[in-house]
Structures are given as C-alpha cells and as structure tokens.
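1. Build me a structure from this.
(one chain, ligands or ions: 1)
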Amino acid sequence: MTALLSLQNVQAYYGSAHILHGLSLEVQAGERVGLIGRNGVGKTTVVNTILGLAQLKGGQIELGGRPLLRPRPYHAAQGGVVVVPQGRRIVANLSVEENLQLGAAVGRKGPWTLPGIYQLFPILQERAHTPGTALSGGQQQMLAVGRALMANPSLILLDEPTEGLAPVIVDQLAGIFNRVADQGTALLLIEQNMSLVARVAQRYLALAKGAVVAQGPVENSHAGLKRLEEHVMV
Ligand SMILES: Nc1ncnc2c1ncn2[C@@H]1O[C@H](COP(=O)(O)OP(=O)(O)OP(=O)(O)O)[C@@H](O)[C@H]1O
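-> Sure, this is the predicted structure:
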C-alpha cells in the first residue's frame, strides 16, 4: 500500500544547525500515529521540513507516493497533508467563518464543507462571525482543526494541539480527534500529553536527537501509558 506520507532517511537543517539525522517514518491511510519525544528532539522540525520551513538536505519525502522535491506549504496541502500548527495560528483579523474558508482555499475539493464542519463543531457556527482570536483556547483549537478539514486532507499533522489547555478541554479534543479519524482522515499526533496519545493513537514513534529511536503499538492501559511516558520524561 502506498503511504500517505513517507520520510526516508531525512536530513534537515535550520541554516547550519543539523536537526533531523536520518529520520524515517510512514503514515498509511486512516492510521492514527503518535509522534512523541522530549522537548527539542525535532518533532516540529518534522512538520517544518514537510512544509519547506526547514531545509531538506538529504533523504526523501513522498506524499501519496509522489516525491516532494522542493517542499512548500501549499505542496503539502495539495498532496493531501495539512498541518494544524503549534500555537494554532488563527488569523486575527478574520472571523471564524473566514478562517475556515482559508482552509478551503489552500486545499483540495472533497466532502468537507462549512455545513459539515459546523455539524462537527456547533460552537463554531454559533460564533461564525466573531473574530477567530476572540474564541477561547479550546475553541481556537477546534477552529484550527476545522480549518484543516476544510482542505479535505487525507492526513492531518497535529502539532501539540492541547498545549496550555485545561484537562476538560483536552478530553473534549480527544473525542473530536477520534471522530475525525473515524470519518477516515489519518492523524499524526505530536504530543507531550501521553494520556491523549494513549486515547487517540494506535501506534507511536518516539524521537530522540532527530531520529526515530523506538516505535510500537499504543495500549490504552496503565502499563501502555507508562511505556509512552518513558520517552518524554526528562
Ligand atoms: N528556526 C530555528 N533555527 C535554528 N534552530 C531551531 C529553529 N527552530 C528550532 N530549532 C532547534 O531545533 C531543535 C528541534 O526543535 P523542534 O522545535 O523541532 O523540537 P520539538 O521536539 O518540536 O520540541 P518542542 O516540544 O519544544 O516543540 C531544537 O534544538 C531547537 O532549538
């Protein structure tokens, strides 16, 4: 089966700083994968390399079997891979609805349209004409996920989506991520919150020093959680 996203032996840099050292990973259609590791190991750099924001200097990236020779942010979206960035990056002077429409502008045509997003997130419909940045942190995260879905991706890369959010909101987002995945969109969940990874991911990849150092199935149990936590504890 052709992977939605494949990185093989990727070497990536910011200027002269060498961050990813031979990193390889694959995500197949419909999969839910957790990408974990301590602060600074290179998780966001994986996303940045796919988007062309870090320099790819070795190895190969493929989207749906097609090589990504010169990565650019819109190439990923057109290839069916959309990022929900760390910090959400809601556009301040646009309304909730305009932020959602922005997602459709960069992506592909497909089943996700405004009515579907509003069905998934009724609060976004209630607040459709509010400035996006006036929403609470949890609602902004829903908006960021809704905006990603509007691009009709096959795979969403979620970069620390629950950072700074209260546990009750994290629980709500866990349900949302599972619903999105149940509707067929694959997820690569970059997270420090291992209880969320245990509830959403089917398998994990652990990074250290810019490479994958461990991987395996995720077990949503006490022992499974402990195993994940070993990879993020300082
Ligand atoms: N623009 C940049 N220029 C130079 N170095 C950078 C840049 N952005 C990040 N780095 C460095 O690259 C390394 C990997 O950072 P990255 O953000 O990918 O880590 P991370 O695993 O996502 O960590 P976190 O959980 O803290 O977000 C770190 O040492 C960081 O200081």
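
2. going forward, measure contacts and count neighbours with C-alpha atoms only.
-> Will do.

3. Tell me which stretches of the chain form strands.
-> 5-14, 17-27, 32-36, 55-63, 66-67, 81-84, 155-159, 186-190, 203-208, 211-217 (DSSP state E).

4. What residues of the fourth one count as buried?
-> Of the residues in strand 55-63, those with enough neighbours to count as buried (16 or more other Cα atoms under 10 Å) are 55-56, 60-63.

5. which outside residues touch the helix or strand bottoming out on mean pLDDT in the chain?
-> Lowest on mean pLDDT, DSSP states H and E among the helices and strands of the chain sits helix 73-78, with a mean of 86. Under the criterion Cα atoms under 8 Å, 6 or more residues apart in numbering, residues 50-52, 63, 68, 82, 106-108, 151, 153 lie in contact with helix 73-78.

6. out of these, which are buried?
-> 50-52, 63, 68, 82, 106-108, 151, 153.

7. can I get those in TSV with distance to residue 184?
-> TSV is the format used below for the buried ones among the contacts of helix 73-78 (distance: Cα to Cα, whole Å):
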residue	distance to residue 184
50	22
51	23
52	26
63	17
68	23
82	14
106	20
107	17
108	16
151	14
153	10
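
8. Near the ligand, which residues of the chain are found?
-> Within the chain, the positions lying close to the ligand (Cα under 6 Å from any ligand atom) are 14, 19, 39-45.

9. Just the buried ones among those, please.
-> 19, 41-45.

10. Let's see the lengthiest helix in the chain as PDB, backbone CA atoms only.
-> If you go by DSSP state H, the chain has its longest helix at helix 167-182. What follows is helix 167-182, C-alpha atoms only, in PDB (Å, rounded to 0.1, in the frame of the first residue of the first chain):
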ATOM      1  CA  PRO A 167      -7.900  18.800  31.200                       C
ATOM      2  CA  VAL A 168     -11.600  19.000  30.500                       C
ATOM      3  CA  ILE A 169     -10.900  20.700  27.100                       C
ATOM      4  CA  VAL A 170      -8.200  18.000  26.300                       C
ATOM      5  CA  ASP A 171     -10.900  15.300  27.000                       C
ATOM      6  CA  GLN A 172     -13.200  17.100  24.500                       C
ATOM      7  CA  LEU A 173     -10.500  17.300  21.900                       C
ATOM      8  CA  ALA A 174      -9.600  13.600  22.300                       C
ATOM      9  CA  GLY A 175     -13.200  12.800  21.400                       C
ATOM     10  CA  ILE A 176     -13.000  15.200  18.400                       C
ATOM     11  CA  PHE A 177      -9.800  13.700  17.100                       C
ATOM     12  CA  ASN A 178     -11.300  10.300  17.300                       C
ATOM     13  CA  ARG A 179     -14.400  11.400  15.500                       C
ATOM     14  CA  VAL A 180     -12.300  13.000  12.700                       C
ATOM     15  CA  ALA A 181     -10.300   9.800  12.400                       C
ATOM     16  CA  ASP A 182     -13.400   7.600  12.400                       C
END
